[in-house]
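In: What follows is a predicted protein model with its sequence.
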Amino acid sequence: MEQVIYFQDKSLTFSAVKPKAESFVIPASEASSLTRAKVLKIFETHNSVTQLTADPEASFKRFAEEFTEVEAAGGVVVNGRGEWLMIRRNNRWDLPKGHVEVGESFDCCAEREIEEETGVKARVLRPLCETTHAYYFPRTERWELKCTHWYLLRSTESGDLKPQTEEGIVGVEWCNPIEVDRYLEESYPTIRRVVEALRSVVRR
């Protein structure tokens with residue numbers, strides 16, 4: 001099974017087969033020597049990198065040793081009109097999410113973070129997918145690898161939308177399908193992956 005790490009708009013994929021889409025391919029013979037520095041160097045000229053490997057999960061775990069791993073949870077909240085809740089942060093459209101607290105389950109984290117970031121109370125209906133993205137965190141001067149657990153949620157009450165400005169959120173909106181498609185053009189690949197997962201659930 002493929003393992004994908006997103007670096008903002010760029011991606012590193014660990015796969016046993018050659019990619020169909022355009023990607024810089026690293027042969028399986030170099031799987032054991034892949035480093036973060038090497039990947040960042042390739043990202044200077046390519047948006048997608050694929051590491052071929054007989055064991056994608058093992059290669060992913062080896063690469064992850066260069067990072068501090070953190071867990072987060074969030075999701076897509078749907079209201080009674082079929083609209084989805086989205087937030088605006090860092091000049092991008094995003095979905096509410098946040099770090100898991102000690103002793104907290106992933107689904108409870110998703111519900112808490114959504115209420116804190118948007119003012120909307122919601123309850124988890126089902127899991128959707130997981131995404132992994134890497135970033136440098138200046139406050140701790142370390143590279144982090146965040147695994148986010150995504151859920152589908154239903155809003156449980158109506159009320160004023162309240163963006164958590166101290167977390168850099170400048171807007172919260174209920175979006176219809178047309179607006180979602182437009183906003184995804186200004187979103188991260190991880191968010192588009194979550195929307196794909198949700199739409200595959202809806203089609204079943």
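Out: Arrived safely. Numbers count the residues shown, from 1 in each chain.
In: in the longest helix anywhere in the chain, what's buried?
Out: As assigned by DSSP state H, the longest helix anywhere in the chain is helix 189-203. For helix 189-203, the neighbour count (16 or more other C-beta atoms under 10 Å) marks 189-191, 193-195, 197-198 as buried. Quick note: C-beta positions are derived from backbone N, CA and C, even for glycine.
In: T131: which of these is nearest?
Out: Closest approach to T131 among the buried residues of helix 189-203 (C-beta to C-beta): T190, at 4.3 Å.
In: Kindly state the beta-bridge partners for the closest residue to that closest one other than its chain neighbours.
Out: Excluding its sequence neighbours, the residue lying closest to T190 (C-beta to C-beta, 6 or more residues apart in numbering) is T131, at 4.3 Å. Under the criterion DSSP bridges, T131 forms beta bridges with T148.
In: same question, G74
Out: Under the criterion used (DSSP bridges), G74 bridges to K97, W150.
In: Would you agree E111 falls within a strand?
Out: No. Counting by DSSP: H, G, I helix; E, B strand; the rest coil, E111 is not part of a strand but helix.
In: Distance from the helix-or-strand element of the chain with minimal mean pLDDT to the middle of the chain?
Out: Of all helical and strand segments in the chain, the minimum by mean pLDDT, DSSP states H and E falls on helix 189-203, at a mean of 90. Counting by C-alpha atoms, centre = their mean, to the nearest Å, helix 189-203 is centred 11 Å from the centre of its parent chain.
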